[in-house]
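In: turn this into a model:
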Amino acid sequence: MRTHHERRVGHAFAEDRKFYKLTPTSIGNINLDHLAGQQVGTSVLIKKIGHGAMSAVFLAFQKSLKRQIAVKILPKSLLTEKSAAFFQQEAESAAILAHPNIIPIYEVGETEDFLFFTMQLVQGNPLSYYISQAQKNIVPSKRFLPLPTIISLMLKVLDALAYAHDNDIIHRDIKPDNVMIEHHSKRPLITDFGVARVSRTKSKSDHLLLGTPIYIAPEQILSGTVDGRADMYSAAVMMLEMLMGRLPYPPYKTAMDLLKMKLSLKDRIFQKRPSEVHPVANRALDEIVFDALAFEPDERYPSCRDFAKQLEHYQKQMIRPSPR
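Out: You can find the predicted model right below:
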């Protein structure tokens with residue numbers, strides 16, 4: 001007989017599959033080349049530069065300000081009530097946030113063929129790219145991102161999340177793929193607010209398992225009401241991956257297996273600590289990260305800002321000269 005947790009997970013995950021299987025096709029099977037040159041708001045589409053399950057991102061030129069931007073579109077041929085709601089939610093959630101580490105949204109609208117919103121074009125790669133590149137280094141001791149870089153990046157991400165939470169926005173899908181790093185400035189930018197929610201309101205999406213199984217907090221698995229501490233947990237998983245190269249989960253075959261393990265193993269889900277892997281990390285850093293990874297939200301830091309304060313204190317200890 002399945003446990004109560006397993007039944008909850010099974011129901012939530014079934015709902016999640018139901019959400020993602022919105023239409024018999026996906027945007028990857030649609031030829032969008034004919035959209036090049038089309039006017040969209042104040043911009044002209046140039047070429048497609050990427051796509052997800054339901055939406056595509058185009059490089060575009062904004063004529064009014066003479067700059068290149070990105071345009072995300074959802075074709076109406078793929079439109080359902082849920083896909084439209086999540087697309088609109090992404091645009092509106094990000095549009096109300098003005099923070100140097102959150103990708104800005106410029107314009108929201110629709111044409112005869114698709115819904116769209118325009119945003120900053122980030123010249124860079126996702127954080128996941130840098131983690132994987134480090135792992136390929138031929139020198140074992142250099143297969144990890146430098147600790148000062150990790151802490152600096154985390155402080156910026158946590159500050160952006162704290163700001164979003166102050167504005168009642170919970171991202172719900174923080175992961176390395178959703179943090180873009182600008183080439184020139186090395187500035188991290190949080191992207192993809194597609195499954196974000198306004199914490200002061202109730203939504204039908206509260207009953208869906210949304211997010212990425214590897215990174216989501218335990219309370220998200222149970223499809224309960226989440227707050228900023230769920231984003232904190234995901235950010236801490238992301239930091240763990242930066243520190244260790246690979247997340248130290250027990251072996252699993254499917255996403256469902258991992259979700260069940262998160263609920264059954266609780267605080268024992270991670271089998272190693274950063275100090276056992278990263279050449280510079282120590283037990284003090286282990287404690288900071290794992291406080292943010294506590295199974296129970298009430299056992300984590302009260303907020304992303306409090307998590308950041310602990311990292312700032314650790315950072316100061318790192319650079320303090322040792323007594324002679």
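
In: low-confidence regions, this protein specifically.
Out: 1-26, 194, 197-209, 223-224, 319-324 (pLDDT under 70).

In: in it, which spans are helices?
Out: 4-20, 81-95, 127-135, 147-166, 218-221, 228-244, 255-265, 283-292, 304-319 (DSSP state H).

In: highest mean neighbour count out of these?
Out: Ranked by mean neighbour count, the helices of the chain are led by helix 228-244 with a mean of 25 (mean count of other CB atoms under 10 Å). Bear in mind the C-beta positions are built from the backbone N, C-alpha and C, glycine included.

In: for that one, packing partners?
Out: Judged by 3 or more CB pairs under 8 Å, 6 or more residues apart in numbering; DSSP states H and E, helix 228-244 is in contact with helix 127-135, helix 147-166, strand 169-170, helix 218-221, helix 283-292, helix 304-319.

In: closest one to H34 among the ones you listed?
Out: helix 127-135 (30.4 Å; CB to CB).

In: got the angle between the closest one and helix 228-244?
Out: Helix 127-135 and helix 228-244 are oriented at 20 degrees to each other (axes from the mean of the first three to the mean of the last three CA atoms, to 10 degrees).

In: contacts for helix 127-135?
Out: 142-145, 153, 175-177, 179-181, 188, 238, 241-242, 245-246 (CB atoms under 8 Å, 6 or more residues apart in numbering).

In: tell me the buried residues within those residues.
Out: 143-145, 153, 175-177, 179-181, 188, 238, 241-242, 245 (16 or more other CB atoms under 10 Å).

In: OK, contacts around G28?
Out: Counting by CB under 8 Å, 6+ apart, the residues that G28 touches are H51, A53.

In: change it to 7 Å
Out: Residues counted as contacts of G28 (CB atoms under 7 Å, 6 or more residues apart in numbering) are H51.

In: what about it, distance to V122?
Out: Separation of G28 from V122 (CB to CB, to the nearest Å): 22 Å.

In: so what are the domain limits for the chain?
Out: Per automatic domain parsing, the domain ranges recorded for the chain read 27-120, 124-319.

In: of all the buried ones among the contacts of helix 127-135, which comes closest to A91?
Out: Distances from A91 to those, taken by CB to CB, are shortest for M180, at 17.3 Å.

In: is it true that the closest one touches Q120?
Out: No - taking CB atoms under 7 Å as the definition, M180 is not a contact partner of Q120, at 9.5 Å.

In: and of the buried ones among the contacts of helix 127-135, the nearest to K63?
Out: M180 (24.6 Å).

In: ok, the closest one to L127 distance?
Out: From M180 over to L127 (counting by CB to CB), the distance is 8 Å.

In: then H184?
Out: For H184 relative to L127 (CB to CB), the value is 16 Å.

In: just H313 next, same as before
Out: Taking CB to CB, one finds H313 at 24 Å from L127.

In: same thing with A160?
Out: 13 Å.

In: do L161 as well
Out: Applying CB to CB to L161 and L127 gives a distance of 14 Å.

In: one more: E276?
Out: 22 Å.

In: and what of A217?
Out: Applying CB to CB to A217 and L127 gives a distance of 19 Å.

In: same question for M261.
Out: For M261 relative to L127 (CB to CB), the value is 25 Å.

In: before we move on, back to that, I'd like the helices of the chain written out as a markdown table, with distance to D33 added.
Out: As requested, the helices of the chain are exported to a markdown table (distance: least, CB to CB, whole Å):
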| stretch | distance to D33 |
| --- | --- |
| helix 4-20 | 25 |
| helix 81-95 | 22 |
| helix 127-135 | 26 |
| helix 147-166 | 35 |
| helix 218-221 | 38 |
| helix 228-244 | 35 |
| helix 255-265 | 33 |
| helix 283-292 | 45 |
| helix 304-319 | 42 |
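
In: so for K72, which of the ones you listed sits nearest?
Out: Counting by CB to CB, K72 lies closest to helix 81-95 out of those; the figure is 7.9 Å.

In: which residues does the closest one contact?
Out: With CB under 7 Å, 6+ apart, helix 81-95 has contacts from 19, 22, 54-55, 74, 102-103, 105, 108, 115, 117, 169, 193-196.

In: out of the residues you listed, who's nearest V44?
Out: F117 (15.7 Å).

In: which residues touch the closest residue to D267 other than its chain neighbours?
Out: With sequence-adjacent residues excluded and distances taken as CB to CB, 6 or more residues apart in numbering, D267 is closest to F295, at 4.9 Å. Contact analysis of F295 by CB under 7 Å, 6+ apart lists P218, K266, D267.

In: measure the last one to V289 for me?
Out: Read it as D267. Counting by CB to CB, the gap from D267 to V289 is 12 Å.

In: next one: the second one
Out: Here K266 is placed at a distance of 16 Å from V289 (CB to CB).

In: before we move on, what about M242?
Out: Distance from M242 to V289, counting by CB to CB: 10 Å.

In: and what of K72?
Out: K72 is 33 Å from V289, by CB to CB.

In: cool, H278 as well?
Out: The gap separating H278 from V289 is 11 Å, by CB to CB.

In: that's all I had, so thanks and see you.
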